[in-house]
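A.B. asks: Next comes the sequence, and after it the predicted model I'd like to discuss.
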Amino acid sequence: MQRYILFVLLFVSSLGFAQQDLSLHFMHNIAQSNFTNPSSFNRYKVNVSLPSFYSGFYHSAFTPADVVDIQGTTMFVSLDDMVNQLKEEGNILQTNLHFDPIAISFMLPKLQFSLNYGVRVNSHIQYPKGLFSLLWEGNGTNLGETINIAPSFDIMAFHEIGLGVAVEIQENLSVGGRLRYLSGIATTYTDASEVSIHTNPEFYQLTATTNYRQLASGITYDNGNGVDFGGLSALFGSNTGMAIDLGATYRLLDQKLKLQASILDLGAITWDDNLNAWESQGSFTFEGLDLKDVLEEDGEDFENLGDTLQQVFNIEEVSTSSFKTSLGGKYYLSGIFTPVKGLHLGALLYGESYRGSLYPAFALSAKKDLGKIFSAGLVYSMREKAFTNLGANLMLRLGGVQLFALTDNLIPIFNPLNTQNFNFRVGLNVAVGKKEKKVN
C-alpha cells in the first residue's frame, strides 16, 4: 500500500508551479490585473469581483514521465529513476492556493479605491538529493563522503484585507499603492537547516552533525496521534502583520505604449500564538539506513519510521518566542503596446525573492479584444530553466458580468505526465459604468 501512496505524492509534487501567474498582468480588461500593479485603473467605474480562485504548482527536478512506466492500464513508478533525476544542489517544490471571495473597486475623477478580502496558502519546500539517496540507497554509495540531507519548509496560511488607491498624477502618469492587513492562520518554518552525514568507509557507520530547527504556529504535533491543524479553524487571531504593494504606470506615444513597474508583497507576519518548535543539535553516530524494503512492502516498520528518525537525530520539542515569516517580494517591469485598437502586445520581466535569492521570469503576450464582449490572448514565458511554457487567457462579458480563465502553461492539459509546472486562475466579476477616458 505504501508504494502507491508514495507514488501519488510524487505525482502531485511533480506537477509543480507556484510563483505568481504571469498572464494576469496582461489582462487589463479585468479588475484582478490591479493585483499585479496597484496603479492600474480598471475599465469600468464600479467592479465587484465575486469568488475567484488561483492554484499553482512547481517542481524543479523531474516530471512524472521521468519516473513512471505505463504498461497497458498499469502505471509503475521507479524510485531509482526518481533519485537519479534529483539535483545535487537542491530541489524545489512550491504550491500556492489563493481564494478571493470578494473585492470591490470604484472610481472618482482621477482616483480609484479598492477593497479586497482573500485567503492565501503558500508553500516553499527545498530538499537535497542526498536525503532521498540516503533513504532509498542506504549509505553504501557514499563511503568516506559527507552529504547534506537537510530539507527546509516554509508553509504559511493567512487571511488578508487590502485597501488600495490609484491616483492619476497627470494625463500620462498614475501611481498606486495597496496596504494589506494580514492575519496568520498557521505556519511551519525552518529556521535553521544544517544536517550533514558522513559515512565511515571501514565500519559503514554514519555520523550526523546537525543544527536544525523547525518553528510552527497553529500546528501541533501530538506524539502518537499525528499532526493537529486546530489553528486552521480560526478566522482571525493574534498572529498579525502588514504588507504593502506599490506601482506606477506611464503612457507614451499618444497612449499606445504603457510602461509599468510594481513591487508587491513587502511585508511579514509575526507569529506569537500557539507556538511550537523542534530542534536537533549535536553529533550522533548510528548504523546505516536503507529504507528500500520499508517503502516497497507494507509493514510496521513504515509506521515506526518517524519515531526511528526522531530517536536517531535526537529531535526534541523546545520552547520558542514569537517569530516572523516574510511574504517574499515580487517585482514587475513591463511594457504593453497597442498598435491598433483591440490588439495588445506585451513583454514582462518578473522576479520573486526568497531567502536572499531572486527567481526571474520573462513573458511575451499577444491579446485581442473582439468587441466589448470577448478577449483572448496567448502568453509565452521562460522561468526556472523551463522554456516551453505557452499559456492562454480568456474573458467573456455577458451584460455586466465578466467570466475569465487563464493559465501560464497549456501543455499539461494535453500531456500531464511530461510537465513540471501548471497553474490556473478562474473568476467572476460584475463590472458596470464604462469610463469615458482611458487612464491605464
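C.D. replies: Received it, and whenever you're ready, just let me know what you need.
A.B. asks: Output the contacting helices and strands for the helix or strand that contains Ala248.
C.D. replies: Per DSSP states H and E: Ala248 is located in strand 240-252. Counting contacts by 3 or more Cβ pairs under 8 Å, 6 or more residues apart in numbering; DSSP states H and E, strand 240-252 is packed against strand 152-170, strand 173-199, strand 257-271. Where you see a C-beta, it was placed from the backbone N, CA and C, and this is true even at glycine.
A.B. asks: right, so of those strands, which gets closest to Ser123?
C.D. replies: Closest to Ser123 of the helices and strands packed on strand 240-252, according to Cβ to Cβ: strand 152-170, at 4.2 Å.
A.B. asks: Next, the buried residues of the closest one.
C.D. replies: Buried residues in strand 152-170, defined by neighbour count with 16 or more other Cβ atoms under 10 Å: 152-160, 162, 164, 166, 168.
A.B. asks: How far off centre is it?
C.D. replies: Here strand 152-170 is found 15 Å from its chain centre; the criterion is Cα atoms, centre = their mean, to the nearest Å.
A.B. asks: helices or strands up against it?
C.D. replies: On a contact count with 3+ Cβ pairs under 8 Å, 6+ apart, strand 152-170 meets strand 111-127, strand 173-199, strand 240-252.
A.B. asks: Switch the ones you listed over to CSV; also include distance to Val312 and mean pLDDT.
C.D. replies: Listed next are the helices and strands packed on strand 152-170 as CSV, based on distance: least, Cβ to Cβ, whole Å; pLDDT from 0 to 100:
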stretch, distance to Val312, mean pLDDT
strand 111-127, 18, 94
strand 173-199, 11, 92
strand 240-252, 36, 96
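A.B. asks: can you list these in JSON lines and add mean neighbour count?
C.D. replies: Output for the helices and strands packed on strand 152-170, formatted as JSON lines (neighbours: other Cβ atoms under 10 Å):
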{"stretch": "strand 111-127", "mean neighbour count": "19"}
{"stretch": "strand 173-199", "mean neighbour count": "20"}
{"stretch": "strand 240-252", "mean neighbour count": "19"}
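A.B. asks: To Gly427, which of the ones you listed lies closest?
C.D. replies: Comparing the helices and strands packed on strand 152-170 against Gly427 with Cβ to Cβ, the closest turns out to be strand 111-127 (11.5 Å).
A.B. asks: what is the mean pLDDT for whichever helix or strand comes after the closest one?
C.D. replies: Per DSSP H and E, the first helix or strand lying C-terminal to strand 111-127 is helix 129-137. Averaged across helix 129-137, pLDDT comes to 81.
A.B. asks: could you show me where the strands are in the stretch 201-350 of the chain, in order?
C.D. replies: 206-217, 220-222, 226-228, 240-252, 257-271, 275-286, 316-318, 323-326, 330-337, 343-354 (DSSP state E, counting those that start in this stretch).
A.B. asks: Looking at those strands, spot the one closest to Gly176.
C.D. replies: That would be strand 240-252 among these, by Cβ to Cβ, at 5.2 Å.
A.B. asks: relative to strand 152-170, how tilted is that closest one?
C.D. replies: Going by axes from the mean of the first three to the mean of the last three Cα atoms, to 10 degrees, strand 240-252 is angled at 40 degrees with respect to strand 152-170.
A.B. asks: just to revisit the earlier point, any chance of a markdown table for the helices and strands packed on strand 240-252, columns distance to Phe422?
C.D. replies: Converted to a markdown table, the helices and strands packed on strand 240-252 look like this (distance: least, Cβ to Cβ, whole Å):
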| stretch | distance to Phe422 |
| --- | --- |
| strand 152-170 | 20 |
| strand 173-199 | 24 |
| strand 257-271 | 22 |
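A.B. asks: Which among those strands is found nearest to Ser114?
C.D. replies: Ser114 lies closest, by Cβ to Cβ, to one member of these: strand 152-170, at 4.0 Å.
A.B. asks: strand partners of the closest one, parallel vs antiparallel please.
C.D. replies: Partners of strand 152-170 in the sheet, by DSSP bridges, are strand 111-127 (antiparallel), strand 173-199 (antiparallel).
A.B. asks: follow-up on the earlier one: which of the strands of the stretch 201-350 of the chain comes out lowest on mean pLDDT?
C.D. replies: For these, the weakest mean pLDDT is recorded on strand 226-228, namely a mean of 52.
A.B. asks: just to revisit the earlier point, possible to save the strands paired with strand 152-170 as CSV with distance to Ala277?
C.D. replies: CSV is the format used below for those (distance: least, Cβ to Cβ, whole Å):
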stretch, distance to Ala277
strand 111-127, 19
strand 173-199, 8
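A.B. asks: sorry, back to before: mind putting the strands of the stretch 201-350 of the chain in CSV, distance to Ser39 included?
C.D. replies: Formatted as CSV, the strands of the stretch 201-350 of the chain follow (distance: least, Cβ to Cβ, whole Å):
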stretch, distance to Ser39
strand 206-217, 34
strand 220-222, 43
strand 226-228, 42
strand 240-252, 4
strand 257-271, 7
strand 275-286, 38
strand 316-318, 46
strand 323-326, 23
strand 330-337, 11
strand 343-354, 15
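A.B. asks: quick one: which of the ones you listed is nearest Gly138?
C.D. replies: Closest to Gly138 of the strands of the stretch 201-350 of the chain is strand 206-217 (Cβ to Cβ; 9.8 Å).
A.B. asks: Give me the sheet partners of the closest one and which way each runs.
C.D. replies: Strand 206-217 is paired, per DSSP bridges, with strand 173-199 (antiparallel), strand 275-286 (antiparallel).
A.B. asks: Columns distance to Lys330 on top of those strands, output as CSV?
C.D. replies: Formatted as CSV, those follow (distance: least, Cβ to Cβ, whole Å):
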stretch, distance to Lys330
strand 173-199, 13
strand 275-286, 28
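A.B. asks: Just give me the neighbour total for Phe387.
C.D. replies: The number of residues packed around Phe387, counting by other Cβ atoms under 10 Å, is 10.
A.B. asks: next structured bit after the helix or strand hosting it?
C.D. replies: Taking DSSP H and E as the criterion, Phe387 maps to strand 386-398. Under the assignment DSSP H and E, the closest C-terminal helix or strand after strand 386-398 is strand 401-407.
A.B. asks: list the buried ones in that next one?
C.D. replies: For strand 401-407, the neighbour count (16+ other Cβ under 10 Å) marks Gln402, Phe404, Leu406, Thr407 as buried.
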